[in-house]
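Peer 1: no sequence for this one, just the structure:
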């Protein structure tokens, strides 16, 4: 009766910077997911009806079967049989006698599942229907316990009557499916950027002539929000004037109030900076009629936000109203999400990793101080640049006492296929998560020594300074990045869930972490992972601290995991390929920057090898967790390199064609072969009649190289 895993999603719920995800999108995703679950249970229950013809049962199951059989007999058996035939049931149309108790109960469950499916179909057709209300007003399943309990009763009955083999066969599978996936198939996380909620509150305060909420200090905002939450007056006056974006935020909350609560998990606030960002969402939920408010999870992403996270959480939990709110509505549990992607883009991998480590320690201490259980939600990407890495090592590298029996993690991109694409691989992945969490609870790593902490502060400060000096402070860097990588062309690849940038900006600041990491992966340089680390390590070595660094590597899982991942990524890199991109695509006056960065790469490699005591990268891979890694990289490289060559030429051709305004020598290209014309016409990104055939052909070639290199690198970012 205990659930080991829960699978959630934010596909259809993540509207952070994505104008295509509307309230109607989220509603449709929830209804479709419930339909998938009901269809699966309907088939499973109908199969069980064929298997469970047993008459022996416990008194409890017999009493349930008799009451259901009597109800069916009182409802005109002939009419019921005709109705069931119209529903295309496989068999068992007429009401079943009470001497077949399992089939009686299963028949009743099948009818309710069919009714649930019909109601959900109507909700899908009619967007004005309240999904929750429609399910409540009919004989449909809304509470998963109503589905689980009769199945569990049958399971206990089979065990009690000596039919263990039958109990532990298909029925147990169905029980576990119901327990794991519920009626929702997957719970949906809702995500929105903090400023969008503040804009709605600002429109409200201006309409009420209270002033501009956005101009208030944080103390004023927090005080006013808590006063409103503690009161009972409605906040939204009729006829309030909202912009389309503000109206969509309100529409989303009102739509969430009409959904079954078991289809939703958390409301995640990206770019959370202050306590008012959290309180404003709680207030909007109440004003929009959410009887079962969602868990509100602040997402701390940038280095500054991570540093301020303990203060933000202290402000929230020091409020008696807020503590009572999470105790009464969420069992005294506060969820916090920490972002690996944006923090890495903001400060580099080493500074971000250490900041994440310290932030976890600090916010757990804050929660313990106020008697609140904190659940950490790790927003990891698939690539090392976005916090990815081997599952077991990543969990074991977490600070002591931060994993308290429960862990939430994101699994994104190609990592889903790699970890769950095949049955045995899926079981292996679940085993790794289970064992790592158990080890973290039963055998947590020791607390890092003070001298290790001081060293990490020193390394973090230096690496961040060097990283930012290139990425944010070198005026020519953004142009070099745009020319030397296919970042401008990635938007044409139909795999992203959101626009490449949160806002229309030409700088790195507004660029999302996924294209930032993905672009460098394509050129085999992986700059976001290692830039700044070599300078930090070199500075420490020059101070005579090499023995300390080697001791940290030997004895501290966090530091060992960090350097092992950097070593692995550097083994996948190939500066020669990067130099080829520069020579073909970058203006001569910018190529010196590329040379400088490749020198940084070589220096970083030397320092990492010195600390891990290797002569070559992955030299000791045979003794590690992935003895085949070095061989995999060597086997894939000869196949990836030609794709890089082809990509460079394709980018060169495309950019020349775009710059020539139709005067390029390739402008006369007009394919005559039927197969080529048909192939180009299938391009979903091609605007027929305006896109030149040569441009369409090059786009198609570019997409193939992008996908091929990503598959070879095993990291899309």
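Peer 2: Arrived safely. Since the model is a prediction, treat every value here as computed from it, not as a measurement.
Peer 1: worst-scoring helix or strand of the protein, pLDDT-wise?
Peer 2: Least confident helix or strand, the chain: helix 674-681 with a mean of 60, by mean pLDDT, DSSP states H and E.
Peer 1: this structure: strands as residue ranges?
Peer 2: Secondary structure of the chain, counting by DSSP state E: strands at 8-9, 187-193, 264-270, 295-300, 333-339, 373-379, 408-409.
Peer 1: so what pairs up with the closest residue to residue 330 other than its chain neighbours in the strands?
Peer 2: With sequence-adjacent residues excluded and distances taken as CB to CB, 6 or more residues apart in numbering, residue 330 is closest to residue 295, at 5.4 Å. (C-beta placed from N, C-alpha, C; glycine too.) As for beta bridges, residue 295 partners with residue 266 under DSSP bridges.
Peer 1: so how many other residues sit close to residue 295?
Peer 2: Using other CB atoms under 10 Å, residue 295 has 19 other residues around it.
Peer 1: check what pLDDT it gets.
Peer 2: We note a pLDDT of 94 for residue 295 in this prediction.
Peer 1: so it touches residue 266, yeah?
Peer 2: Yes - with contact defined as CB atoms under 8 Å, residue 295 counts as touching residue 266 (4.6 Å).
Peer 1: joint contacts of these two?
Peer 2: residue 335 (CB atoms under 8 Å, 6 or more residues apart in numbering).
Peer 1: show me what contacts residue 6?
Peer 2: 180, 187.
Peer 1: remind me which residues of the stretch 501-650 of the chain are low pLDDT?
Peer 2: 501-506, 620-627 (pLDDT under 70).
Peer 1: show me where the stretch 301-450 of the chain has its helices.
Peer 2: In the stretch 301-450 of the chain, the helices defined using DSSP state H, counting those that start in this stretch lie at 303-317, 320-330, 341-347, 349-369, 391-396, 414-420, 423-442, 450-471.
Peer 1: the stretch 601-717 of the chain too?
Peer 2: 629-660, 674-681, 693-713.
Peer 1: so which of those gets nearest residue 301?
Peer 2: Proximity to residue 301, assessed across the helices of the stretch 601-717 of the chain by CB to CB, is greatest for helix 693-713 (24.1 Å).
Peer 1: packing partners for that closest one?
Peer 2: If you count contacts as 3 or more CB pairs under 8 Å, 6 or more residues apart in numbering; DSSP states H and E, helix 693-713 packs onto helix 513-522, helix 629-660, helix 674-681.
Peer 1: out of these, which is closest to residue 579?
Peer 2: Nearest of the helices and strands packed on helix 693-713 (CB to CB): helix 629-660, 10.7 Å.
Peer 1: show me where the stretch 101-250 of the chain has helices.
Peer 2: 101-125, 131-136, 144-160, 164-166, 172-181, 194-207, 218-230, 244-257.
Peer 1: quick one, which of the ones you listed is nearest to residue 415?
Peer 2: Closest among these, using CB to CB: helix 172-181, at 20.1 Å.
Peer 1: mind listing residues that contact the closest one?
Peer 2: So helix 172-181 is in contact with 1, 3-7, 37, 40-41, 44-45, 48, 144, 147-148, 151-152, 155, going by CB under 8 Å, 6+ apart.
Peer 1: now do 7 Å
Peer 2: Applying CB atoms under 7 Å, 6 or more residues apart in numbering, the contact partners of helix 172-181 are 3, 5, 7, 37, 41, 44, 48, 144, 147-148, 151-152, 155.
Peer 1: picking up where we left off before, turn the helices of the stretch 101-250 of the chain into TSV, including mean neighbour count and distance to residue 510.
Peer 2: Listed next are the helices of the stretch 101-250 of the chain as TSV, based on neighbours: other CB atoms under 10 Å; distance: least, CB to CB, whole Å:
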stretch	mean neighbour count	distance to residue 510
helix 101-125	21	36
helix 131-136	17	36
helix 144-160	18	42
helix 164-166	13	60
helix 172-181	16	37
helix 194-207	20	13
helix 218-230	16	24
helix 244-257	18	17
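Peer 1: export the ones you listed to a markdown table and tack on mean pLDDT?
Peer 2: Shown next, in a markdown table, are the helices of the stretch 101-250 of the chain (pLDDT from 0 to 100):
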| stretch | mean pLDDT |
| --- | --- |
| helix 101-125 | 92 |
| helix 131-136 | 93 |
| helix 144-160 | 94 |
| helix 164-166 | 91 |
| helix 172-181 | 94 |
| helix 194-207 | 94 |
| helix 218-230 | 95 |
| helix 244-257 | 94 |
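Peer 1: can these go into a markdown table with extra columns for distance to residue 281?
Peer 2: As requested, these are arranged in a markdown table below (distance: least, CB to CB, whole Å):
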| stretch | distance to residue 281 |
| --- | --- |
| helix 101-125 | 26 |
| helix 131-136 | 20 |
| helix 144-160 | 26 |
| helix 164-166 | 49 |
| helix 172-181 | 27 |
| helix 194-207 | 6 |
| helix 218-230 | 10 |
| helix 244-257 | 9 |
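Peer 1: surely residue 335 meets residue 375?
Peer 2: Yes - between residue 335 and residue 375 there is a contact under CB atoms under 7 Å: 4.8 Å.
Peer 1: list the buried ones in stretch 588-605?
Peer 2: Buried residues in stretch 588-605, counted by 16 or more other CB atoms under 10 Å: 590-591, 593-594, 597-598, 600-601, 603-605.
Peer 1: could you find the closest non-adjacent residue to the residue nearest to the spatial centre of the chain?
Peer 2: The centre of the chain sits closest to residue 410, judged by CA atoms, centre = their mean, with a distance of 3.9 Å. Nearest residue to residue 410, sequence neighbours excluded (CB to CB, 6+ apart): residue 379, at 5.3 Å.
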